[in-house]
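J.: A structural model of the following input is requested.
(2 chains)
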2 protein chains.
Amino acid sequence: MRTRTQQRQPARRIRRPASTLPGGTLVAGADAWVAARVTLANPACNLGENQHCEHALVDRELNKALYGYEAMLQARFDGVADTLQAVAALPRERGFVAQAQQLARSRLGCELPTSMLEQPWIAGLDMPALYAHCLFEMCRRSVAQARDEQRGWLKGMAIDDDFITGCGYHTLDVTPCADGRLQGVLPFVLRIAPTSDAVVLKAYAGALFDVELDMADWTQRELAQRLGGRRDARYLKMAVYHYSSSKPSSEGCAAHGSDELAARDAAIDRLKQLRGGIAQAFGEGLGPDLLLLGVDTDLDAIRVHLPDAKGEPTSAPTVDAARLYRETLAMPAEQARAHIAAAVDAAAGQLRSTASAGMKTLVARLIEANLSQIEFVIQHHEGRYESLGHGERFVCVGDPIDDLQMRNLYYFAHLDTLEEGAACVDVGVHIFEKLNLSRGFPMPVIVHFSYASVVPGARERAIERGERVLAAIQSRYRERIPAGMLKFALCVSDATGTERLALVRECGTVAKVAHGEGMDS
Amino acid sequence: MRTRTQQRQPARRIRRPASTLPGGTLVAGADAWVAARVTLANPACNLGENQHCEHALVDRELNKALYGYEAMLQARFDGVADTLQAVAALPRERGFVAQAQQLARSRLGCELPTSMLEQPWIAGLDMPALYAHCLFEMCRRSVAQARDEQRGWLKGMAIDDDFITGCGYHTLDVTPCADGRLQGVLPFVLRIAPTSDAVVLKAYAGALFDVELDMADWTQRELAQRLGGRRDARYLKMAVYHYSSSKPSSEGCAAHGSDELAARDAAIDRLKQLRGGIAQAFGEGLGPDLLLLGVDTDLDAIRVHLPDAKGEPTSAPTVDAARLYRETLAMPAEQARAHIAAAVDAAAGQLRSTASAGMKTLVARLIEANLSQIEFVIQHHEGRYESLGHGERFVCVGDPIDDLQMRNLYYFAHLDTLEEGAACVDVGVHIFEKLNLSRGFPMPVIVHFSYASVVPGARERAIERGERVLAAIQSRYRERIPAGMLKFALCVSDATGTERLALVRECGTVAKVAHGEGMDS
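T.: This next block holds a predicted model:
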């Protein structure tokens, strides 16, 4: 058998597009995709040299579109460092600003803030500030263009509002880890449309969600149901822990010391607390349904822990997508689908699980959806991600960015105040010390809060909240992060209107320039 | 007419009891009460020299019991400084510890921490630490003994759960200012039983409550109603601003620069935001009913701003308790009651107010209850409080202490995190800089959070929250407050059980002592 390195070598493709368009311009998915024949040490698809990993239930069109989108985002964000490196290499003589802007326009599709390029020679260019500014710019563009750029795959998502409702749930409240490797969990790993009204995403370091805050969310959504005269649909809370099958002791969940079992048990405890809390506070049987998922972040393959006879997630995973992929690889679609449903049913039966028919349907769909992602990693990432560890480009703090979710694009800490969410941000800082600060790159932080414009004053209060969190982060890490290396963009989104990731202000990225001292003026 | 000082002089009573019981032992209300014949510049009761201020609707037994309770608490808390002054005067020779403990036992009814008395002579006694510790001890005793000590008046409260329910409300959510002078607003000023299930008390500097947090409370209580099959009762939000009729420009609300109109308008805005927010988020007509009250903190007399034709509180006060006291002073009870009801009706009619019959009944009862408090101040505080300004003894941060509410006993900032509540605590620190720190007294802070023991892990999380808030306060005021002058008690109460103001730990009040160095050992 070939080594992992040998397996990877021949297939590694260069991602940078040869086109003259700015990096990260979406080209038709099909052009960016090359059908791969792979033979990998992937437990889902560990076949003979000449076998194809092509499962009948995999949505190849969707994979193609997702890959095109992923490659485009990668190129767009990669473009920032590449372009700025080129800008830094330009001679700082008359014409520098024009040349730099020309580079930025052609490669990034935007201009750089002229004031930053016009810094006097003695000060030099503030590259960390330019870097953070451009990164924020790419985020905002990705969100602004999301509707067009996600058109190819958003409607193909296996799990959307209708499906969730059909399974008997009014809310699917998902808490993955804050870890960047989990930030593609909705559209990629589980093929859940991240913009679904029924979906609530709240990432926490170690998936350790805030029980009281979850109870408040449950209350709000249950009341809305009852005010609307609906009483049958339920609330589903799903926690997602993660581990690394290749490097279990170093590339697992940092919040749990890379200990898979600790991560799992902590999530189970938190889920039980939430359910018990609601049952006690509002009445037996009212607590949400619980589901626990584990993700192998090397492969994006999931394991599902079904609820047991008491409705609490089992410690042992009960359904394993990689195994089901292997078991059903040769089957036609309907047979494979029946096999999965039977596997879920059998597991539930063995546990005397409280899982409703709707939950079993949802679990079977999650597995089927994950088969597509397993094959996505096989086809497009040679069966196992090249980068097993962290590769986040920025940190998002506050509310989720529904329109921009991808593996390792950012670290996401859901919080209302730093006081409550400091543990999550600490983990993020720890990651960025290694990833960025050690190389002279800044730590870019998007502080993002959603508001409901229909509620009077809500936008102003969201901005106040953001300013508070921003100031608290500055204060907490003043001594830990070198001066000038913490860069912020404060943004807000309107949950009931059209404003998305609107910039309130950047902080630490716009240089002050003394009049008449600019090079080019 | 005699001057205010002349009016006060002859009637001022010495509060300290002559008995041998520890200060603050409850003696029968009647013994502590002296019927007073007063002639005062009180707008409620500005009569001829020989007229009595005795209104037929005033509950004199209740006033007697409340006065006995107030005098007892005053004596209990006054005892702390008096006793420690005597301890400080004791010669620090062999026998000092025993003498000090004897003093503490006889005057405060408790012992002092021996480790603090056994400090080596070179260190001296840490009087600020002893002071804060004893104050915390008196609080905890007052709460522990509340059931006995409040028996005389708690059942006589004019407004309790049954009455609130009878008016068509499931919740009476009250936000006064955080100012100490408002901390007796429920049992004294409005005669509302502070332990009522229907009553929620959340004080904020300037009565500027947190709209999102209030929306969450509304949601929680509305859902509980619907789960219980009740649909008719409503939620009433009541904000209470304050002003000083004697010194309007200096002793009004500090958060609004002692500007009565600014305080009123800010409260109206906040109330509108809450109602509009809920209507928009959940549906028209669902927002809470609104009521605005103003309190003259010199007299404890209230003004009510009824809702107008849109359901929003009017700027101009529409019913004035001091005026109604005067108008109805000579009437028999039933006639006076009918006069008040007619005044409320007429005011509502003139406004085309949306106030329901229930709200009008509640307002009339609030006025009637306040007549008792007006006369309480006339009889027991010579018509106008001697101390018009701040006189708080400590700060309470977090959740309210239901069992201990009295004018100027403490400053209360309702918050979940210091990050969100810093503005309130800043005002408190500003007050204590003048009141305590300038005289060498510490600023004692009780960090108090309630939890529901029926919710798994809730107590631990309440303690975690308290520790976070405590650490954040230490950090925020490190440079502003001299070292060692910020003293904490972290306490929790069980909202669904019996634990009340249970001490988790004190911080900065227990001295470390080296073995064998104690004076008395």
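
J.: Enumerate every residue touching A:Pro248.
T.: By Cβ atoms under 8 Å, 6 or more residues apart in numbering or on different chains, the contact list for A:Pro248 reads A:258, A:260. For every residue, glycine as well, the C-beta is placed using N, CA and C.

J.: any idea how far it lies from A:Ala178?
T.: From A:Pro248 across to A:Ala178, the span is 20 Å (Cβ to Cβ, to the nearest Å).

J.: Also A:Glu386?
T.: Shown here: A:Glu386 relative to A:Ala178, a distance of 22 Å by Cβ to Cβ.

J.: For the two, work out which one has more neighbours and name it.
T.: A:Ala178 (34 against 9; other Cβ atoms under 10 Å in any protein chain shown).

J.: List the residues that contact that one.
T.: Per Cβ under 8 Å, 6+ apart, neighbours of A:Ala178: A:203-206, A:255, A:411-414, A:424, A:427-428.

J.: mind checking how far A:Leu435 is from A:Gly184?
T.: With Cβ to Cβ as the criterion, A:Leu435 and A:Gly184 are 18 Å apart.

J.: out of these two, which sits in the busier spot?
T.: Between A:Leu435 and A:Gly184, counted using other Cβ under 10 Å, the more crowded position is A:Gly184 (21 against 18).

J.: Nearest residue to that one in space, please, no chain neighbours.
T.: Among residues not flanking A:Gly184 along the chain, A:Arg407 sits closest, at 3.8 Å (Cβ to Cβ, 6 or more residues apart in numbering or on different chains).

J.: need the contact list for the one you found.
T.: A:70, A:180-184, A:188, A:300, A:385.

J.: I'd like those residues as TSV, with secondary structure appended.
T.: Listed next are these as TSV, based on DSSP: H, G, I helix; E, B strand; the rest coil:
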residue	secondary structure
A:Glu70	helix
A:Gly180	helix
A:Arg181	helix
A:Leu182	helix
A:Gln183	coil
A:Gly184	coil
A:Phe188	helix
A:Asp300	coil
A:Tyr385	coil
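
J.: now, among those, which is nearest to chain B?
T.: Nearest to chain B out of the contacts of A:Arg407 is A:Leu182 (Cβ to the nearest Cβ; 24.2 Å).

J.: what's around that closest one, how many residues?
T.: 27.

J.: swap in A:Arg60?
T.: Applying other Cβ under 10 Å, we find 15 residues neighbouring A:Arg60.

J.: distance of A:Asp416 from chain B?
T.: From A:Asp416 across to chain B, the span is 8 Å (Cβ to the nearest Cβ, to the nearest Å).

J.: Next: A:Glu111.
T.: 36 Å.

J.: Pretty sure that residue sits against A:Gln102.
T.: No: at 9.5 Å, A:Glu111 does not count as touching A:Gln102 under the criterion of Cβ atoms under 8 Å.

J.: can you give me the strands in chain A?
T.: Here chain A has its strands, by DSSP state E, at A:169-176, A:199-201, A:234-243, A:289-296, A:301-305, A:319-320, A:394-398, A:410-414, A:443-451, A:486-494, A:502-507.

J.: Can you say which of the ones you listed is nearest to chain B?
T.: With Cβ to the nearest Cβ, the closest approach to chain B among the strands of chain A belongs to strand A:443-451: 9.4 Å.

J.: which helices and strands sit right next to that closest one?
T.: On a contact count with 3 or more Cβ pairs under 8 Å, 6 or more residues apart in numbering or on different chains; DSSP states H and E, strand A:443-451 meets helix A:127-144, strand A:394-398, helix A:458-476, strand A:486-494.

J.: which ones are touching A:Ala207?
T.: Applying Cβ under 8 Å, 6+ apart to A:Ala207 gives the contacts A:175-177, A:239-241, A:253, A:263, A:266-267, A:270.

J.: how near is it to A:Lys237?
T.: 11 Å.

J.: what's the answer for A:Gln102, then?
T.: Distance from A:Gln102 to A:Lys237, by Cβ to Cβ: 52 Å.

J.: And those two? Which one has more around it.
T.: A:Lys237 (25 against 13).

J.: Quick check: beta-bridge partners of the more buried one?
T.: Taking DSSP bridges as the rule, A:Lys237 bridges to A:Asp173, A:Leu290.

J.: So which residues on the stretch 101-250 of chain A come close to chain B?
T.: Within the stretch 101-250 of chain A, the positions lying close to chain B (Cβ under 8 Å from any Cβ of the partner chain) are A:211-212, A:215-216, A:219-220, A:222-224, A:226-227.

J.: Dump the C-alpha coordinates for stretch A:373-386 into CSV.
T.: This file holds the C-alpha atoms of stretch A:373-386, laid out as CSV (Å, rounded to 0.1, in the frame of the first residue of the first chain):
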residue,chain,number,x,y,z
GLN,A,373,-19.6,15.0,1.9
ILE,A,374,-17.5,11.9,2.5
GLU,A,375,-17.2,11.5,-1.3
PHE,A,376,-16.6,15.2,-1.6
VAL,A,377,-13.5,14.8,0.6
ILE,A,378,-12.5,11.7,-1.3
GLN,A,379,-12.9,13.4,-4.7
HIS,A,380,-11.7,16.8,-4.0
HIS,A,381,-9.4,16.5,-1.0
GLU,A,382,-7.8,13.1,-1.8
GLY,A,383,-9.8,11.3,0.9
ARG,A,384,-8.4,13.2,3.8
TYR,A,385,-7.9,16.9,4.2
GLU,A,386,-4.4,18.0,3.5
